[in-house]
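J.: Whatever this is, show me its structure:
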Amino acid sequence: MYQVLIKDGPKGDELEIHSPFSNDLKLDKGSVKKGINTFDSFNLSFLPNNPAFGKIKPLTTLIRVFDSQLNKNIFKGRVFIPTDQMESSGGFNCSYTCASDLSYLQDTVQKYAKIQNTTPEQIFRYLIDVHNSQAEEHKRFIVGIVTVTNNTDNVYRYIDDLATTWDTIQDKLISRLGGELRIREVNGVNYIDYVTEIGEHTDTTIELSKNLISITKIVDPTEIVTRIYPRGERLEGEEEGNADASQPRLTIASVNNGREYLSASDELIKEFGIIEKAVEWSDVTQPLILKSKGQQYLDEQKSAKTQYSIAAVDLSLIDMDIRRFEVANYYFLKNTVMGIDDELRVVGITIDIIDVETSELTIGDRFISLSQYQAELKKKNNALND
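T.: Purely as a prediction, here's the structure:
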């Protein structure tokens, strides 16, 4: 089903180190992990009798995992971290962690720039152009689809000359405007998309029977914020000539009774306490607009995110194949025992190419409101007391 191939650099010849055919060349272990806005990874290990022994070089050896049934790569990238291990029995094992092509954005550093009167798409193209100008040919990307924008389609940013391209995209675009990155390989060329949301809504339903117990539900309230400090454009400081001086930003104090912060409802603070966060809108120049944006952020604040982990062995009981699922797609998940009846998103997939039954789906990141959080907590407590 799965084939693993390596080559020494982009111009090297490919060498098979894991065969898709039974009773043939095999790795000892191999697991692909895929997610959203993160590098996909591939962890593998093999014994010294594997053709890969002595031929893998960190950072320069390229590797791909090919699904022969779907006729596509499920992972493509480079070897990152080696780990050689000798067990107490005397057995020797070679292990490696690999990172997908998206990790090439970590290999280049951006240049200092003050960017204004520019759309999110133009900034993204600029950052990729800077990356391409410094990266080796096989690490370059062609910008494909860009759909992320903001209300004014005008972004004001300072680009730090100490940050990598990956960190810059995360800080200057994704953390502030949202959006998701996707790599598409077309005729051997890597295209990079920056879209509002990758994936699609499907009609597939995962309906779990009452005797299916291997599903884990995780409710995580750690991302809640109950006090926000809105920050706007940078202001000219009195020590502007001092390179070590920090430039202050516009606050809402002048239109908010001298306070620089906005607080969530008393109910939310009572539930979670005071948790502060500064949020930046660097293109905002008016305190009233800044306050409005801060209040909107609080009003849309959710209290917790819910995730479900489902093992592939259980998916087989409901006639589901792990390979049918794509990261970022939406599926309907139903389980009457746990009170689940929602359209939820696959936010992570782990595919074990050796033992498919140990593969897993992570479904969720469904953010819920305070009232939903409290209702689910009450329902759980009632069930325990019955």
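J.: burial measure for I340, as a count.
T.: Counted with other Cβ atoms under 10 Å, the neighbours of I340 add up to 19. In short, each C-beta sits where N, CA and C put it, glycine included.
J.: Helix or strand: which one has the closest residue to it other than its chain neighbours?
T.: In this structure, I340 finds its nearest non-sequential neighbour in L333, 5.5 Å apart by Cβ to Cβ, 6 or more residues apart in numbering. Assigned by DSSP states H and E, L333 belongs to strand 330-335.
J.: mind listing the helices for the stretch 1-150 of the chain?
T.: 120-134 (DSSP state H, counting those that start in this stretch).
J.: Any regions of it where pLDDT drops low?
T.: Low-confidence segments of the stretch 1-150 of the chain, defined by pLDDT under 70: 84-91.
J.: May I have the helix or strand that the strand holding L333 is followed by as CSV, with CA atoms only?
T.: Per DSSP H and E, the first helix or strand lying C-terminal to strand 330-335 is strand 340-352. C-alpha atoms of strand 340-352 as CSV (Å, rounded to 0.1, in the frame of the first residue of the first chain):
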residue,chain,number,x,y,z
ILE,A,340,-22.2,14.2,19.7
ASP,A,341,-24.1,15.3,16.7
ASP,A,342,-22.1,17.9,14.9
GLU,A,343,-20.3,18.7,11.6
LEU,A,344,-16.7,18.8,12.7
ARG,A,345,-13.4,19.3,11.0
VAL,A,346,-10.5,16.9,10.7
VAL,A,347,-7.6,18.9,12.2
GLY,A,348,-5.1,16.1,12.4
ILE,A,349,-4.3,12.6,10.9
THR,A,350,-1.7,10.1,12.0
ILE,A,351,-1.2,7.3,9.5
ASP,A,352,0.9,4.3,10.6
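J.: Going by neighbour count, list what's buried in strand 340-352.
T.: Neighbour-count burial for strand 340-352, counted by 16 or more other Cβ atoms under 10 Å, picks out 340, 342, 344-352.
J.: ok, now stretch 262-271?
T.: 262, 264, 268, 271.
J.: how about these in TSV, adding secondary structure?
T.: Below are the buried residues of stretch 262-271 laid out as TSV (DSSP: H, G, I helix; E, B strand; the rest coil):
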residue	secondary structure
L262	strand
A264	coil
L268	helix
E271	helix
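J.: farthest-separated two in the buried residues of strand 340-352?
T.: Greatest spatial distance in these: D342 and D352, 26.8 Å, computed using Cβ to Cβ.
J.: before we move on, the earlier item: helices or strands up against the strand holding L333?
T.: Judged by 3 or more Cβ pairs under 8 Å, 6 or more residues apart in numbering; DSSP states H and E, the packing partners of strand 330-335 are strand 201-207, strand 340-352.
J.: domain parsing for the chain?
T.: 2-101, 107-195, 202-221+303-385, 227-299 (automatic domain parsing).
J.: do you know how far G294 is from F272?
T.: 18 Å (Cβ to Cβ, to the nearest Å).
J.: Please identify which of the two sits among more neighbours.
T.: Between G294 and F272, counted using other Cβ under 10 Å, the more crowded position is G294 (24 against 18).
J.: so when I look at that one, I'm seeing a helix, right?
T.: Yes - assigned with three-state DSSP, G294 falls within a helix.
J.: Next up, the contacts around the residue nearest to I340.
T.: 205-206, 208, 308, 340-344, 363 (Cβ atoms under 8 Å, 6 or more residues apart in numbering).
J.: Try it again at 7 Å.
T.: Contacts for L333 (Cβ atoms under 7 Å, 6 or more residues apart in numbering) come out as 206, 308, 340, 342, 344, 363.
J.: what do you get for R323?
T.: R323 touches 67, 70, counting by Cβ under 7 Å, 6+ apart.
J.: So it: helix, strand or coil?
T.: Strictly by three-state DSSP, R323 counts as helix.
J.: Grab the nearest non-local neighbour of L59.
T.: R78 (6.2 Å).
J.: now E236, nearest residue through space, not along the chain?
T.: E236 sits nearest to Q247 (Cβ to Cβ, 6+ apart), 7.5 Å away.
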